[in-house]
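**Q** sequence first, then the predicted structure:
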Amino acid sequence: MYETILIPTDGSEGTDPAIVNGLDIARTYDATLHALYVIDIAELLEIGYLGADSADFEETIEPLEDEAKRTVEAIEERARREGVDIVTVVRQGTPYEEILEYTEDAAADLIVMGTHGRSGLSRYLIGSVTERIVRTSDVPVLVVQLSEDGE
């Protein structure tokens, strides 16, 4: 049923339940798991986090890329321990756009994502990558909500 499962991650605890579910589904269907971390460049520019010139940009982005790599490598280690084939990827861009593009590039047939379950004004003001993916993805999306106690 599933051959390629995508788990987008931002390294937050909200993604852990998605990772658990994604690993279980991948094991069940002998599917390949793809762990994708997208560094949100637009948001970083918007808040003035990135410098104005290319040297500043490279100096600032490097630690973020290192953190992204550590995040997907941790998922890779976990998958390998559980006997699941995995591909890890770090991209830069707008998260929902990169996730949708990668879904197509990798021919993923399922996306498994976590959510913090924000609602009302908070969700409206902040936006939700997960919500955008659910509304626009051509493949099924399994949304795994982080419980109120963080588990």
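**A** Noted; the coordinates are in hand. Residues are numbered from 1 along each chain as shown.
**Q** which stretches of the chain have low pLDDT?
**A** Low-confidence segments of the chain, defined by pLDDT under 70: 43-57, 116-127, 147-151.
**Q** return the list of helices and strands in contact with the lengthiest helix in it.
**A** Across the chain, the helix with the greatest residue count (assigned by DSSP state H) is helix 54-81. With contacts taken as 3 or more C-beta pairs under 8 Å, 6 or more residues apart in numbering; DSSP states H and E, helix 54-81 sits against strand 4-9, helix 16-29, strand 32-40, strand 86-93. Yep, even glycine has a C-beta here, placed from its N, CA and C like the rest.
**Q** residues in contact with the third one?
**A** Spelled out, it's strand 32-40. Outside of strand 32-40, the residues that reach it under the criterion C-beta atoms under 8 Å, 6 or more residues apart in numbering are 3-11, 19, 22-23, 26, 61, 64-65, 68-69, 71-72, 75-76, 79, 84-95, 98-99, 102, 106, 108.
**Q** check the longest one too.
**A** Contact partners of helix 16-29, identified using C-beta under 8 Å, 6+ apart, comprise 1-3, 5, 7, 9, 31-33, 35, 75, 78-79, 82-85, 110, 112-114, 142, 144-147, 151.
**Q** check stretch 68-75 too.
**A** Defining contact as C-beta under 8 Å, 6+ apart, one finds that stretch 68-75 is touched by 7, 9-11, 19, 33, 35-37, 39, 86, 88-90.
**Q** gap between Glu3 and Ala107?
**A** Per C-beta to C-beta, to the nearest Å, Glu3 is found 8 Å from Ala107.
**Q** which one of the two is surrounded by more residues?
**A** A count of neighbours by other C-beta atoms under 10 Å puts Glu3 above the other of Glu3 and Ala107, at 13 against 10.
**Q** that one against Ala31, yeah?
**A** Yes - between Glu3 and Ala31 there is a contact under C-beta atoms under 8 Å: 5.3 Å.
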